[in-house]
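# heads up, no residue letters with this:
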């Protein structure tokens, strides 16, 4: 029997009996004594009877075990009580012994405390006496040491003098607090000055000849007298004189006075720096002072590098080329210098002082900052002069449009070259200023489109001129090409901004050997602009971010103006024909004629003929127009953004204007006879049928006008049901139906 389940927290009698029964049946089946499925109720009763018997036997066994265990416990209780009593007695004795020991310790401390204090006081007095003895000995030997040191300095014995000065310093340290200590300190400083003055010529000579052994010897001497900072100052002075000599030789030896001066100087500087970085590391343990000396020398060159560049610019005919040459020399030299101060090819140069490295980087590039600041002004003058050199508006609109087509490429090429120059000359540090220059430049060129548009508008003849209409389409397409090119340039500009910001962010903790932004405000503005571009890209993934906001606003107005001009050119013949509307001249004779007797008048047939001919002259707008043309049309009017062909949209606009003018001309008719009303209705119906043939539909106002013009006198009110009340009243008045 499995009786372990009785001790479970979730013991259930029914579940336990069922599980026991299932196990017993599985045992019977597996043994083969009885086939599965043949179990009867007798088997269940037998199982229950057997289980009850087993449980009774198990209860008896438990009772016997409990009686035996209880007897054993009763026998052992007296012994346990006795053991507990003995433990209590022993713990009491232990407590008494601990109290006795504590009393003895307190008594001993009381008896010996004064003795220990006396011993400590005596030991302190002993130490003071020993110190005083040593100080007295040093004081007795001070005069002797000072005299010996003075003799050695007179003999110019550097090694012996430095050794004796070290002994004098130790003696001074031993006499701290004694009377006359200040005078002795002054005397030591006096001897240090004499020793430094004695050594300095040899130090300078050793440094100029780069004698490592001698220099390390002097490092030891100056460290011993706490004058290592002065020794490093000697080194920086020597190295700065080397840099100034190289600069003077480069300036004096140049015939052109151009970027070759800077290149020759930087070549000499890199070679000098390469040698001294390693030498300085060997002598002083690191190359920090070498880097600092070169930075200080570059900051104080005479004449300044700025004056050399300024003189070269005054003589130059191509200022951008000259600036680019100087900038290229700066960048190349800066890259070489950075590679050496960062450890060199073997990484055996130690210069961990990032502040000094940053100062060297600033000294390399900062002088050029004035030219970076002036660069946008030069670029603006260059682009304005180039723009003024273009002749756009010609004697005829055709010449002007042709000039714009050929000028687009030049304008964008000049803008692209300006961005390339910004990268080459300023490493895109003047990118924000260049963005404003480019926007003004492109906007100024956009004004030329407005002038050509006005020339087109002023050239409208009285008769139909298909060439003028096609010119307006070509002008729009030309504008679309220019717009697309500007968008590509704009995306390139935005990418340059993001790249520059990424470079500044990536190297924020290290000194950067590159041109710097003019001010902290420029850096903040660049960061803000880059963040704006990134946010625009995330918000509208399908559209590119924009920067030339003012240009795009002007572009939209220009697109609208040229499109309106194209509409006016296309609509001009229609306007002329609509002015020929006249009521019937002989109303009485024609009033009785049936409706089919009336034919469309000449004005409406000419208008319809013109509308049917118009699509043939809109070939660029048919089917799938050029991408640039469709884009510029969508800017001019959002209805072009639909899936309909551009020609259909344009025709719909012409038809819309035609219907509006037709309605206006009808409103100007004061009186209509019966035949006049029929004639006008016939004209409108003919106009509507032509529109249907073109895929257009007649406006509701004209449809209602036809209905009211043909309505019989007796049923006019019934026919007018559902029509515009104002139109109903106007037609009634024109037909003289006021009394009806």
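Perfect, I can see it now. Everything numeric here is computed off the predicted structure, so don't read it as measured data. Numbering: from 1, shown residues only.
# Give the buried residues for the strand or helix carrying residue 550.
Using DSSP states H and E, residue 550 sits within helix 549-578. By 16 or more other CB atoms under 10 Å, the buried positions in helix 549-578 come out as 551-552, 554-555, 558-559, 561-563, 565-567, 569-574, 576-578. In short, each C-beta sits where N, CA and C put it, glycine included.
# got the residue ranges for the helices in the stretch 201-350 of the chain?
Using DSSP state H, counting those that start in this stretch, the helices of the stretch 201-350 of the chain run over 212-224, 228-253, 259-284, 288-299, 305-315, 319-341.
# helices and strands around the first one, which ones?
Right, the one you point to is helix 212-224. Counting by 3 or more CB pairs under 8 Å, 6 or more residues apart in numbering; DSSP states H and E, the packing neighbours recorded for helix 212-224 are helix 158-174, helix 181-208, helix 228-253, helix 259-284.
# Give me whichever of the ones you listed is most buried.
Mean neighbours per residue, mean count of other CB atoms under 10 Å, is largest over the helices and strands packed on helix 212-224 for helix 259-284, with a mean of 20.
# okay, the helices of the stretch 201-350 of the chain in JSON lines with distance to residue 110 next?
Shown next, in JSON lines, are these (distance: least, CB to CB, whole Å):
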{"stretch": "helix 212-224", "distance to residue 110": "55"}
{"stretch": "helix 228-253", "distance to residue 110": "59"}
{"stretch": "helix 259-284", "distance to residue 110": "64"}
{"stretch": "helix 288-299", "distance to residue 110": "64"}
{"stretch": "helix 305-315", "distance to residue 110": "86"}
{"stretch": "helix 319-341", "distance to residue 110": "72"}
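# could you dump those to JSON lines with mean pLDDT and distance to residue 109?
Listed next are these as JSON lines, based on pLDDT from 0 to 100; distance: least, CB to CB, whole Å:
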{"stretch": "helix 212-224", "mean pLDDT": "84", "distance to residue 109": "52"}
{"stretch": "helix 228-253", "mean pLDDT": "90", "distance to residue 109": "55"}
{"stretch": "helix 259-284", "mean pLDDT": "89", "distance to residue 109": "60"}
{"stretch": "helix 288-299", "mean pLDDT": "91", "distance to residue 109": "60"}
{"stretch": "helix 305-315", "mean pLDDT": "91", "distance to residue 109": "82"}
{"stretch": "helix 319-341", "mean pLDDT": "91", "distance to residue 109": "68"}
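# just so I know, which of the ones you listed lies nearest residue 361?
Closest approach to residue 361 among the helices of the stretch 201-350 of the chain is made by helix 319-341 (7.1 Å; CB to CB).
# Pull the distance from the closest one to the chain's centre.
From the chain centre to the centre of helix 319-341 is a distance of 26 Å (CA atoms, centre = their mean, to the nearest Å).
# What helices and strands are in contact with it?
Using 3+ CB pairs under 8 Å, 6+ apart: helix 319-341 touches helix 259-284, helix 305-315, helix 354-365, helix 369-388, helix 397-426.
# Could you say which one of these comes nearest to residue 459?
helix 397-426 (5.3 Å).
# Report the angle between the closest one and helix 369-388.
In terms of direction (axes from the mean of the first three to the mean of the last three CA atoms, to 10 degrees), helix 397-426 departs from helix 369-388 by 170 degrees.
# and helix 397-426, what's its mean pLDDT?
The average pLDDT within helix 397-426 is 93.
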